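> got a predicted structure plus its sequence, pasted below:
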Amino acid sequence: MRRAGKITAAARALAGEMVTPGVTTQEIDQAVYHFIKSQGAEPSFLNYQGYPASVCVSVNDEVIHGIPGKRVLREGDIVSIDVGAFKDGFHGDCAATFACGEISEEAKRLIQVTRQSFFEGLKFAREGYRVPDISRAIQAYVEQSGFSVVREYVGHGVGRKMHEAPEVPNYVEERCGRPRLLRGMTLAVEPMVNAGKAGIQVLKDGWTVKTADGSLSAHYENSILITDGEPELLTDPSGLPE
């Protein structure tokens, strides 16, 4: 999991560095594909349930699952990168939203709040707590900041499969129960935050999710390990496996 996570985090960082005016989303996808393969791993997303690319690139009001293509990034865009890598039987999964050149103050704040909401949830990713403790912390921080949490998509367990139990909502959801966090569990915690209302719509391509009101959206995710102390970020971008 650590090896897969480090490759995944490095792929996210590579994609983030490429978020500049004039670059196409397809160029980002191709670079990520070649990087993951160069590390002896496979892109987790490629052909997953028919998804046609190695990375999701979601721009501005796109929440998640944006399909890379000929779209050219422009000054002022915010770009969410979501990527996974499969190495030695295990998956890593992470995401972040990057600024393309100079962006608005609202966009900067949205990105900052989304990222920090992850770390607010991470405070409760400890043995003995429960999944809703993570969810509650994320939701409270986002809503107190004046933004909205997407309801239809949630975090999840991650390991031998990219999506495993339990679900990890970014808001308190009774239907998901109250699974207790146990040492050795690996989770992908991923706040998806809208600047406007929480509503979303799925485009005709069957993948791309946009905000219903056209407001900006940001995404931040890491794969984490529950330990007997502080949680470990498996997608910490510092260094690659030897």
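Done, it's in.
> tell me the contacts of residue 165?
Residues near residue 165 by Cβ atoms under 8 Å, 6 or more residues apart in numbering: 156-157, 179. (Glycine included, C-beta is placed from N, CA and C.)
> which residues touch residue 196?
Residue 196 sits in contact with 148, 211, 213-216, where contact means Cβ under 8 Å, 6+ apart.
> how far away is the residue nearest to residue 133 when sequence neighbours are not counted from residue 16?
With Cβ to Cβ, 6 or more residues apart in numbering as the criterion, residue 133 has its nearest non-adjacent residue at 3.9 Å, and that residue is residue 124. Residue 124 sits 27 Å away from residue 16, going by Cβ to Cβ, to the nearest Å.
> comparing these two, which residue is more hemmed in?
residue 124 (19 against 16; other Cβ atoms under 10 Å).
> wait, the more buried one sits on residue 134?
Yes - with contact defined as Cβ atoms under 8 Å, residue 124 counts as touching residue 134 (5.0 Å).
> quick one: buried ones out of the contacts of residue 165?
Buried subset of those (neighbour count, 16 or more other Cβ atoms under 10 Å): 156-157.
> could you dump the contacts of residue 165 to TSV with pLDDT?
As requested, the contacts of residue 165 are arranged in TSV below (pLDDT from 0 to 100):
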residue	pLDDT
156	98
157	98
179	91
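> looking at the contacts of residue 165, which are in strands?
156-157 (DSSP state E).
> where in this structure is pLDDT low?
Scanning the chain with the threshold set as pLDDT under 70 gives 175-176, 237-242.
> run the last query once more with 90
Along the chain, the parts satisfying pLDDT under 90 run over 173-178, 236-242.
> who does the nearest residue to residue 190 once chain neighbours are set aside form a beta bridge with?
The shortest distance from residue 190 to any non-neighbouring residue, by Cβ to Cβ, 6+ apart, is to residue 221 (3.3 Å). Listed by DSSP bridges, the beta-bridge partners for residue 221 are residue 95.
> likewise for residue 180?
If you apply DSSP bridges, the partners that residue 180 bridges to are residue 130.
> could you give the number of residues near it?
13.
> how about residue 152?
Neighbours of residue 152 under the rule other Cβ under 10 Å: 12.
> how far away is the residue nearest to it when sequence neighbours are not counted from residue 193?
Excluding the flanking residues, the one nearest residue 152 by Cβ to Cβ, 6+ apart is residue 200, at 5.9 Å. According to Cβ to Cβ, residue 200 and residue 193 sit 12 Å apart.
> higher neighbour count, these two?
Comparing residue 200 with residue 193 by other Cβ under 10 Å, the one with more neighbours is residue 193, at 29 against 21.
> for the more buried one, give its distance to residue 84.
Following Cβ to Cβ, the distance that separates residue 193 from residue 84 is 20 Å.
> what does residue 45 give?
5 Å.
> those two - which one has more neighbours?
Applying other Cβ under 10 Å to residue 45 and residue 84 shows that residue 84 carries more neighbours, namely 31 against 26.
> what helix or strand does the more buried one sit in?
Using DSSP states H and E, residue 84 sits in strand 78-87.
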